[in-house]
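# this is the structure alone, sequence omitted:
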């Protein structure tokens, strides 16, 4: 009864693929369409507002710099959520893991400012990944061994980490010259002792990710193109100093996670557990260990999100330095259809909205808050669209298989039979 | 230092503050508990509350009557809850993802609505708007008792409603057929369905209650204490209410204690900050979460949350 001809399978697979690309795009258009009603109610012209928004996101090198800055952490948190979700580990702790990643980078930067820059960058990134992974390890073990819902544990850890982070911003960072034994807590603090405000010192300039400007200013390129007029005009573009290697590392991470997920046994095990843990167990996969590995990878990716923000954009931490980027990893992953490349595109969508919002407010008077509404509508339409799946309806009418239920991951993945 | 701590604990204002800080969390948590027991993750209470804050201000400001403000806040909370129900119960989308979407969207929409209702287009939204707000109800006789009177019997009406809700929710859950249906749906939706209970209907109606309570909780923040609206006014109290439900292991009295713990920690950390005590106040903020974590890891078995928790329900063969 269930054996449909292979040609139909291929056709269905093709339909599924094209729908999974079509749905998010339709959802985004739908979100813009509905939001234009709000703009009209506000008394502005939607076309004017949206073109200002687009211009603010992509219109100039400066807007591209802002867009790229905004999208980079979202790529990493989106990948973190995607990798976890594919394996049935719903990591909503990306927010806390991102904060601890930022903490790790700043701590390394202000504790060892004398280290060579390249070494400091690499070690800080590894440290951020390590701390992010450690935060996810507890929930991973609790889920694997005790069956405790990871949504609850990762959420609670977020709040603990954020309070720790807030505390560290208010404790002077002293590396040497302890007065009394208990001042060792100052070793964990991040606050710049010379400042009255809760913020850290900047990490050393050598330990920041190189920007396009600094690469252009490098001796090698200067010696080749230094005289050319276009090169001089590039050098005098201030926005290029805001574009660092961080977005490029984001793209590398996308390719890496794609490869990991679809072309390695680690990824295969993760997906198998996500689709059906029972079946995976029969296949001889150690389900518990797979969940823990998944948690570690997911946490490390989210930790990198915080690292990228510090190394490539802010260079220091202040309270709420990057609010909600961790939670937004969830919608980024969903609109991206839980595909690493999709995550890249949906992070671009989110980053562009945030980057263009200010220009929209200045030119058309529509408050920046509108972009939150656009984002929310896009997410709701996208996930609703995936559920009211035309393809699934088609398949159901052809075969008499009962509808699949429960288990989040199985909603998306096509089982490997 | 000890002297200052004693000073805090001996002042009547501290206990008044605990009750006041507990109220919005308690209202939302009691509302959320019913939906939670049907197997719904009420992570979207933050959005319902935030919508309640703005709707309360708009309703109270435009009508000039604070009670109409309370009603609009409840309606607004229910409206958000119904969008959530449509997404998660009818369509069967992931509950956490839907919640995150709503939390982001309402964060923007509430600020937009405030700007729309109280400013002209293009004007900077910096004016301080004040609208009619609630005033204390002193309970006759009881309110005159020294010390206990001001602590327990001289509050906004919503405070009494919040504390009464513990009894109401306990009664609904364990002494009515409606509560029996709620628990049946949460524990075993398929069995409930076989018995002729409409899973969707039970979940929808519970979410109506959740939305109304969360809306009231939001209104308490806006027209109860500050009589104006600020961006992101709830500041995560919806999530705290959710955490209190976990703390209380999905039992009304436990949840009540959880909200008290969060309320007390909040009141204490504010006072510790103003007194300039050397204990980091972040520790006080984090403490209830830490206790919740310990309870979750050491005292909550797998069976503590509703068995169908977070899973959409679809009838077989339909």
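Great, that's in hand. As the structure is a computational prediction, the values presented were derived from the model and not from experiment.
# who does whatever helix or strand residue B:190 lives in touch, helix- and strand-wise?
Per DSSP states H and E: residue B:190 is located in helix B:189-194. Using 3 or more CB pairs under 8 Å, 6 or more residues apart in numbering or on different chains; DSSP states H and E, the elements in contact with helix B:189-194 are helix B:177-187, helix B:199-219. For glycine as for every other residue, the C-beta is placed from the backbone atoms N, C-alpha and C.
# which one of those lies nearest to chain A?
When the helices and strands packed on helix B:189-194 are compared by CB to the nearest CB, helix B:199-219 sits nearest chain A, at 11.9 Å.
# close to chain A, is the closest one?
No: residues of helix B:199-219 contacting chain A under CB under 8 Å from any CB of the partner chain: none, with a closest distance of 11.9 Å.
# what stretches of the chain score poorly on pLDDT?
Picked chain A for this. Across chain A, the ranges flagged by pLDDT under 70 are A:1-6, A:175-183, A:226, A:388-417.
# that's the wrong chain, I meant chain B
In chain B (pLDDT under 70), the answer is B:119-130, B:300-304, B:315-318.
# mind giving me the packing neighbours of the longest helix anywhere in chain B?
Criterion DSSP state H: the longest helix present in chain B is helix B:12-37. The contact analysis (3+ CB pairs under 8 Å, 6+ apart) places helix B:12-37 against helix B:45-63, helix B:148-152, strand B:154-155, helix B:157-175, helix B:177-187, helix B:199-219, helix B:237-247, helix B:252-275.
# go again with 7 Å.
helix B:45-63, helix B:148-152, helix B:157-175, helix B:177-187, helix B:199-219, helix B:237-247, helix B:252-275 (3 or more CB pairs under 7 Å, 6 or more residues apart in numbering or on different chains; DSSP states H and E).
# can you give me the buried ones in that helix?
Residues of helix B:12-37 classed as buried: B:14-37 (neighbour count, 16 or more other CB atoms under 10 Å in any protein chain shown).
# host element of residue A:352?
Residue A:352 belongs to helix A:340-364 when assigned by DSSP H and E.
# could you identify the helix or strand that succeeds that helix?
helix A:370-387.
# is any residue of that next one near chain B?
Yes: judged by CB under 7 Å from any CB of the partner chain, helix A:370-387 and chain B are in contact via A:370, A:371, A:372, A:373, A:375, A:376, A:377, A:379, A:380, A:383, A:384, A:387.
# of those - the most surrounded one?
With neighbours taken as other CB atoms under 10 Å in any protein chain shown, the top of the residues of helix A:370-387 next to chain B is residue A:379, carrying 31 neighbours.
# quick check: closest non-adjacent residue to it.
Computed as CB to CB, 6 or more residues apart in numbering or on different chains, the closest residue to residue A:379 that is not its neighbour in sequence is residue B:101, at 3.8 Å.
# give me the neighbour count for the nearest residue to residue B:286 once chain neighbours are set aside.
Take residue B:286 and drop its neighbours on the chain: the residue closest to it by CB to CB, 6+ apart is residue A:163, 3.8 Å away. Other residues within reach of residue A:163, judged by other CB under 10 Å, total 21.
# which other residues reach the helix or strand containing residue A:163?
Taking DSSP H and E as the definition, one finds residue A:163 inside helix A:150-168. Residues outside helix A:150-168 that contact it (CB atoms under 7 Å, 6 or more residues apart in numbering or on different chains) are A:89-93, A:95-96, A:99-100, A:103, A:135, A:138-139, A:142-143, A:188-190, A:319, B:96, B:243, B:246, B:280, B:282, B:285-286, B:289-290, B:292-293, B:296.
# only whichever of those residues are buried, select them in PyMOL.
Buried residues among the contacts of helix A:150-168 (16+ other CB under 10 Å), as a PyMOL selection:
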select buried, (chain A and resi 89+90+91+92+93+95+96+99+100+103+135+138+139+142+143+189+190) or (chain B and resi 96+243+246+280+282+285+286+289+292+293+296)
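# based on its surroundings, how many neighbours for residue A:309?
By other CB under 10 Å, the residues close to residue A:309 number 25.
# scratch that, residue B:97
Residue B:97 has 26 neighbours, counted by other CB under 10 Å.
# kindly report the same for the one 3 residues further on.
Burial measure for residue B:100: 25 neighbouring residues, criterion other CB under 10 Å.
# which SS state does it fall under?
For residue B:100, the assignment made with DSSP: H, G, I helix; E, B strand; the rest coil gives helix.
# test my guess that it contacts residue A:324.
No: Residue B:100 lies out of contact with residue A:324 (CB atoms under 7 Å); the separation is 9.4 Å.
# look up phi and psi at residue A:191.
Dihedral angles of residue A:191 (phi, psi; degrees, to the nearest 10) stand at phi -60, psi 140.
# check the gap between the nearest residue to it once chain neighbours are set aside and chain B for me.
Spatial nearest neighbour of residue A:191, excluding adjacent residues (CB to CB, 6+ apart): residue A:172 at 5.2 Å. According to CB to the nearest CB, to the nearest Å, residue A:172 and chain B sit 13 Å apart.
# which residues does residue A:172 contact?
A:186, A:189, A:191, A:193.
# just residue A:387 next, same as before
So residue A:387 contacts B:91, B:92, B:93 (CB under 7 Å, 6+ apart).
# quick revisit: are any of the contacts of residue A:172 buried, and if so which?
Buried by 16+ other CB under 10 Å: A:186, A:189, A:191, out of those.
# residue contacts, the last one?
Under the criterion of CB under 7 Å, 6+ apart, the neighbours of residue A:191 are A:169, A:170, A:171, A:172, A:173, A:198, A:200.
# beta partners of it?
Beta-bridge pairing of residue A:191 under DSSP bridges involves residue A:172, residue A:200.
# for residue B:30, see how far away it is.
When distance is defined by CB to CB, to the nearest Å, residue A:191 is 40 Å away from residue B:30.
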